[in-house]
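Participant: sharing a model that was predicted from the sequence below.
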Amino acid sequence: MSRPWAWRWRAERLGRSIAPDSVEAQLGDLLEEFEAVCRRAGRLRAEWWLSHEMSAIRSAYRRERDHTRAEASIAWRAAALTVHDFRHASRGLWRAPGMSAAAVTLLALGIGANTVMFSVVDAAMFKPLPYVQPEQLVEGLDVRNAGTADEMKFVGVSWSRLDRWRTERGVFAGAATLGESRRVSLTGVPVTTDATSVGRLSPALIPLLGIAPELGRAFDEADAAQAAPVLLLSDAFWRRAFGADPRIVGQSIGLDGRAYTVIGVMPPTFGYGIAFGSTIGWEPFDEMAARARATPFNHALFRLRPGLDAVAAERQLETIQASSPTSATYRFEIAPMDNRSAWLGSARVALPVLLAVVGCVLLIACANVSNLMLARAIARRRELAVRAALGATRGWLVRQMMAESAVLTGAGTVAAFAIAVWSTRIVPLLVPASMHLFDANAMTIDARAFGCCALAVVVTLLAAGLVPAMRASRPDMLASLDGGRSVAGSAPGGRRLRQGLQSAEVALTLVLLVATSLLASSFARMMWADPGFDMSGLVTTGRISWPAGQYPKAAAQFTYMEALLEQVRTLQNIRAAAVGPSPAAGFGGPFIPVGQPSTDNMETGPRLSVYVVSPEYLATMGIPIRQGRGLSAADGPGTTPVALIDEAAAAHYWRGASALGQQFRYTAASAPHSAPVTVVGIVGHVKSLSYAAATGSIQVYLPAAQQPASATSLVLRVDGDPGAALGAVATMATRLDPHSAMNQPSVVANMYGDTYVAPRFYVTVVSIFAALALATASVGLFSLLSYAVGERTREIGVRLALGADRRRIQFLVLADAMAPVVAGLAVGLVASLWLTRALKAVLFGVTPHDPGAYVLAIAALIAAALLAAILPARRATRLDPVVALREG
Amino acid sequence: MPTSAPLGEFEVAVLMAVLHLGEAAVGVAVRDEIAHRTGRAVARGAVYVTLDRLETKGLLTSRMDDATPERGGHRRRYFTVTAVGLKRVRQALAMVERMRAGLEPILERP
């Protein structure tokens, strides 16, 4: 029997929505029955019958599918927040614009501050260097094995060891050298700039880092031979001097009167460990020429063999050097190129603190919004109770409340993100460059910052939304269909929760205030601290330099310095002058008392600064002599080597006993010129520039006549314009020797100013956030109290009607206000005592437990709390009992 | 997908028909069984849909027999009630029983 006609066009369609086995069985059944119908009623009737049956089956399945979908959608709607919920929530919030605006502002500030601060800290500390696989980049170091305690580390490698190690393929994949940068004078540059140095890179360096110029090409080997001088510009200089003009490539710039062809521009991310603020660009470093000049040490970067980490590489180096000592006195070591943790100094401590501070601000904002939401829920409890009575489940109520906080948080997040994006343009301008925060990476709002932002949002949603939602939907809260007209106001549980939130706010605010007052008082002490010398009118010429070989004998160089000093004294407006460096420019070294077991080395002991000075130096600087004598003209090359030490050194190394007549060395025993020097005088301590140095600092003064090679600068005390005086000195110096140049003439007070930059920044940032926190907490307290007074209007009315004293009522309200504040203060005090220990490293002259700072912070908080309480308390006492009873 | 939603009247009827038919429970037979016992014409589509749904719910299982030429080579599909299915039938009946208890004076009035 042939297949039925209907088959052709129905069977196919049946198969679409039904499982294959089911279709097959059904078609079989139909065929079987079709034949029976055929026999009974004829082919035509059977065809009609089959067609009808099949379409009936199809519509049955279609109905089933629609039904299933409808059920699924009902289930989905019951489980999740829907557009409807959000619309409902938005409408509700729109009707309370004040509260909504306050909440969105708070959340935007909280989330925004966290995102911004995170991206700052991330760029400064965590994000890897902007080179390819930066963890493989290391610096090579020569370490002199000169005994145990006083080994010397050099940042650099001698040529022979560089050649030995750069071919050690088991450890290194490549190496490249950097030459010392040099100062240049520019000609033919349209815009004046204070950037005046040029770095020198071997052609292998840029490929070693795995980067490329953003414009033009990198160096090649032919450039290194310096057939024609070429230059790669830094991005910053290119923008400043040439307005980022891409046509710069191929043009020439005059450096020291010689024409350099610009071959490219390096990207802005090129710089960490290579460029400094004053770099205008780089020229090729000619290793061959440097070898010929026998520069002893080279700054060399190595890339580790792929698959080798720094620890394994160090172990391999040790093994190789142990089995075949390459040098008896030197050892080769590596150190990660990314040494930001050391480079950042105090910021390493301060940045996480700032991150914690903004975290606190977000928590305070959350507590406040949570409190607002709770107040709103309590005010709405009649409505919620009606809804519950009409069949809204608790889940529905929680969802409704969560939808509100989600809408608020969403709006806050959008605003926060706008703040964050905007801040990437503003913050780098506000952060002082001398803090080096963005040396390695620019501040960007990227996926990591976004992740941090998302985390903050989740925290916010949970902290600000869930608590009030759970609380407000509790059956005992909803039991008040009578409108909560009980005499004593809202359910005590709700009030306790709100007070708890308020206490948390107060506690967090106290922590911030304590941190602020500690940092501020530390900063003030730093500003007003006696540096140990007289800073007024003091200027320094900086290091005076001559072309290599100008003065092969140190004595001749010193003769020049003495002649310069003689002439400078004749200048007007110069009150005093001496040979010697500024306090910041002493050189370091170990301090090894003769005849004492060495107890500490360069890393653990106090930081030594050595100053090579002429006899007039102490008088010029205003450093007092405490014991013994100063330096004199009689301390010359032929007499006993002598030194002055400061009180701190005397106290540290000769505790109690007199240091006069004692001897010490300030270089490693194996080094040349390691003869011990005799202490002839003890002078006042000069405050170290590094306020954060945990181990303190000590100073040593050596007579210039006995150390002529190191006597290369002058200090002057001038009347009037220091710039003019320095200019006159510069003229004099070049008249005496046309090849001489002053390297960094500066005003000493300004050099100190630079070190205040970072602390000032911390104080400013923390103060802003603390003020924000204080304002938030006060506003929160104010709203809590106003609400509480409103709640208790009826109670207060009853009391007044029964003849209660108005002052007692006022006391009642104030006590109500102060209870959460006092509780918060107690918790915050304990937390502060514990948390501020983290500030220890950035505090100067203040301990983290300084009582003054705590008293100040607590006083500020109590004052703010009282201020917030005054208005509600006064309103409470002005109530007319009749009105209160009628309205309440 | 097992679900605990109460069974509909027709679902219970289909399950019981499968129980009645035992080894011979194919789609057409289920339909005939219900029609025969209730005296009500049953739409073929309704039976197929319900059988499929009950299988999805885990109350029925099915197996295919070997192909026979008289059905155009299409195999038959035999249904069996699962343990869960049996339990659900009992529950449904028990519910009716409990609801019925005490209604005898009304229900058994002629």
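Facilitator: Perfect, thanks for sending it.
Participant: what is the mean pLDDT for stretch A:811-818?
Facilitator: Regarding stretch A:811-818, the rounded mean pLDDT is 80.
Participant: oh, that last question was meant for stretch A:637-657, not what I typed.
Facilitator: 87.
Participant: any idea how far it is from the middle of the chain?
Facilitator: Taking CA atoms, centre = their mean, to the nearest Å, one finds the center of stretch A:637-657 at 41 Å from the center of the full chain.
Participant: what are the buried residues along that stretch?
Facilitator: Of the residues in stretch A:637-657, A:641-650, A:652-654 count as buried by neighbour count, 16 or more other CB atoms under 10 Å in any protein chain shown. C-beta here means a position set from N, CA and C on the backbone, and glycine is covered the same way.
Participant: same check, this time on stretch A:246-262
Facilitator: For stretch A:246-262, by 16+ other CB under 10 Å, it's A:248-249, A:252-253, A:255, A:260, A:262.
Participant: from the buried residues of stretch A:637-657, which is closest to A:R95?
Facilitator: A:A648 (68.4 Å; CB to CB).
Participant: is it correct that the closest one is in contact with A:I698?
Facilitator: Yes: A:A648 lies in contact with A:I698 (CB atoms under 8 Å); the separation is 4.8 Å.
Participant: pull up the overlap in contacts between those two.
Facilitator: Jointly contacting A:A648 and A:I698 under the rule CB atoms under 8 Å, 6 or more residues apart in numbering or on different chains are A:606, A:685.
Participant: please tell me how far A:A392 sits from A:M402.
Facilitator: 14 Å (CB to CB, to the nearest Å).
Participant: ok, the two, which is more surrounded?
Facilitator: Remark: of A:A392 and A:M402, A:M402 carries more neighbours, 23 against 17, as counted by other CB atoms under 10 Å in any protein chain shown.
Participant: show me what the one helix or strand the more buried one maps to is packed up against.
Facilitator: With secondary structure defined by DSSP states H and E, A:M402 is part of helix A:394-430. On a contact count with 3 or more CB pairs under 8 Å, 6 or more residues apart in numbering or on different chains; DSSP states H and E, helix A:394-430 meets helix A:83-94, helix A:97-121, helix A:347-379, helix A:381-389, helix A:447-460, helix A:467-472.
Participant: and that helix, which residues are buried?
Facilitator: For helix A:394-430, a neighbour-count test (16+ other CB under 10 Å) marks A:397-413, A:415-417, A:419-420, A:423-424, A:427 as buried.
Participant: up against chain A, what does chain B have?
Facilitator: Contacts of chain B with chain A, taken as CB under 8 Å from any CB of the partner chain, map to B:26-28, B:43-46, B:48-49, B:51-53, B:62, B:64, B:70-72, B:74-77.
Participant: now intersect those residues with the helices, please.
Facilitator: Cross-referencing these against helices under DSSP state H gives B:27-28, B:44-46, B:48-49, B:51-53.
Participant: any stretches of the stretch 1-150 of chain A with poor pLDDT?
Facilitator: Where the stretch 1-150 of chain A drops to pLDDT under 70, the residues are A:1-2, A:5-17, A:75-82, A:144-150.
Participant: please redo it, this time with the cut-off set to 90
Facilitator: The model of the stretch 1-150 of chain A has pLDDT under 90 over residues A:1-36, A:38, A:41-44, A:46-115, A:117-150.
Participant: thinking again about what came up before, so what sits against both of A:A392 and A:M402?
Facilitator: Joint contacts of A:A392 and A:M402 (CB under 8 Å, 6+ apart) do not exist.
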